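Asks: Just need the structure, nothing else, for what follows:
(one chain, ligands or ions: 2)
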Amino acid sequence: MLTNYHSHSTFCDGKSTMEEMVISAVECGFTHWGVSSHAPFPISNDFALKEEDIPAYKREFLRLKDKYADKIKLYIGLEMDFVPDICEDIRHKAVDYGLDYFIGSVHQVKEHNNSLKTWFIDGGKSEKYDLGLKEVFDNDIKSGVTCFFNQQKEMIEHNRPDVLGHFDKVVMHNKDRYFLQSEKWYEDLVLSLIDTVAKCGTVVEINTRGLYKQRHNDYYPSTFWIKYLIEHNIPLTVSTDCHKADEAGAYYKEALRHLKELNCKELYYFEQGWHAEDINAFVTK
Ligand SMILES: [Zn+2]
Ligand SMILES: [Zn+2]
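Replies: Ligands and ions are numbered 1, 2, ... in the order given. Reported below is the predicted structural model:
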């Protein structure tokens, strides 16, 4: 078997259609595939699915699910942003949309306040990261990063996403400039998040995107934390977070090898709920 529940398409900021993605997934040998466009976001943007396109998103998913039924199991999800005061009630939304599952991810960081300004920690440009840190957190990296982790904890506690997306993506543009991952305050934040994950039974994704995009030199989360997650029996799933058809299985084989070297024994897959399976059952073409 081979699974990936984190994939984008032209319904959001992806560059390939949902069908091109599914065809590529079948070619890569995926047996279970989830579509997870960026969920509609209440502030004007160019990355998310539009609320009015939800019916078309579901229609296209159902068409493909039927058309490729003998080749691959398809699931419908969304990658949903949780942002204090802007979009907090994401589980209700996921239920309203009739999704199979949803990924909770934090890309935009802010404290609870009246401001709509957020610190955008993702995307291709470090300048934007630097500018946001200055504008929203007055260049106080500790406050910004603390807020990023607390926001994920709040999201998990209040919304119980099926999967937690790229939980340390805040390090991508940091590149050891503002802080080191070995600093105690940073480690404490991650440990506290993992506590919440363990308490809530959230599946954590091992996301390969930073590596194949060459924006980062490790998985999300970093190897140090993958080891910790394995030692503490946290449910894991591998995601490519692909935005183009040729990224469908990018770095998956390497991720499996890496996880086995770290003594990972099982991965979780979705099929009417989440289940554990021996990692050796996962095979790439
Ligand atoms: Zn994301
Ligand atoms: Zn994504």
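
Asks: Only C-alpha atoms from now on, for both contacts and neighbour counts.
Replies: Noted.

Asks: I figured residue 7 hits residue 32, correct?
Replies: No. In this structure, residue 7 is not within contact of residue 32 by C-alpha atoms under 8 Å, at 11.9 Å.

Asks: So these two - more neighbours on which side?
Replies: Using other C-alpha atoms under 10 Å, the more surrounded residue of residue 7 and residue 32 is residue 7, with 27 against 20.

Asks: any idea of the pLDDT on the more buried one?
Replies: Per-residue confidence (pLDDT) for residue 7: 98.

Asks: Residue 184 too?
Replies: Looking at residue 184, its pLDDT reads 98.

Asks: Next: the one 4 residues further on.
Replies: According to the prediction, residue 188 has pLDDT 98.

Asks: Next: residue 44.
Replies: pLDDT recorded at residue 44 is 88.

Asks: Find the centremost residue of this protein, please.
Replies: Within the chain, one residue has its C-alpha closest to the average C-alpha position: by C-alpha atoms, centre = their mean, that is residue 165, at 2.5 Å.

Asks: who touches that residue in this structure?
Replies: By C-alpha atoms under 8 Å, 6 or more residues apart in numbering, residue 165 lies in contact with 79, 103-106, 204-205, 207.

Asks: ditto for residue 198
Replies: With C-alpha under 8 Å, 6+ apart, residue 198 has these contacts: residue 234.

Asks: Quick check: which element contains it?
Replies: Using DSSP states H and E, the element containing residue 198 is helix 184-200.

Asks: what's next to the helix or strand following that helix, contact-wise?
Replies: Next along the chain after helix 184-200, taking DSSP H and E as the criterion, comes strand 203-207. Strand 203-207 has contacts (C-alpha under 8 Å, 6+ apart) with 162-166, 197, 219-221, 226, 234-241, 255, 268.

Asks: if we can go back for a sec, now the residue nearest to the centre of the chain: how far from residue 143?
Replies: 21 Å (C-alpha to C-alpha, to the nearest Å).

Asks: Counting by contacts, list what the biggest helix by length in the chain packs against.
Replies: Identified as the longest helix of the chain according to DSSP state H is helix 141-159. If contacts are counted by 3 or more C-alpha pairs under 8 Å, 6 or more residues apart in numbering; DSSP states H and E, helix 141-159 sits against strand 101-105, strand 108-109, helix 126-137, helix 184-200.

Asks: Including distance to residue 70, could these go into a markdown table?
Replies: As requested, these are exported to a markdown table (distance: least, C-alpha to C-alpha, whole Å):
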| stretch | distance to residue 70 |
| --- | --- |
| strand 101-105 | 22 |
| strand 108-109 | 39 |
| helix 126-137 | 43 |
| helix 184-200 | 34 |
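
Asks: Most tightly packed of these?
Replies: strand 101-105 (a mean of 26; mean count of other C-alpha atoms under 10 Å).

Asks: How about the contacts made by the nearest residue to the residue nearest to the centre of the chain once chain neighbours are set aside?
Replies: Sequence neighbours aside, residue 105 is the residue nearest to residue 165 in space, at 4.8 Å (criterion: C-alpha to C-alpha, 6 or more residues apart in numbering). Contacts for residue 105 (C-alpha under 8 Å, 6+ apart) come out as 79-82, 152, 164-167.

Asks: ditto for residue 145
Replies: Contacts for residue 145 (C-alpha under 8 Å, 6+ apart) come out as residue 170.

Asks: so where do the helices sit in the stretch 1-150 of the chain?
Replies: 18-28, 54-67, 90-97, 126-137, 141-159 (DSSP state H, counting those that start in this stretch).

Asks: Any chance of CSV for those, columns distance to residue 279 and mean pLDDT?
Replies: Formatted as CSV, these follow (distance: least, C-alpha to C-alpha, whole Å; pLDDT from 0 to 100):
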stretch, distance to residue 279, mean pLDDT
helix 18-28, 17, 98
helix 54-67, 26, 98
helix 90-97, 29, 97
helix 126-137, 35, 98
helix 141-159, 26, 98
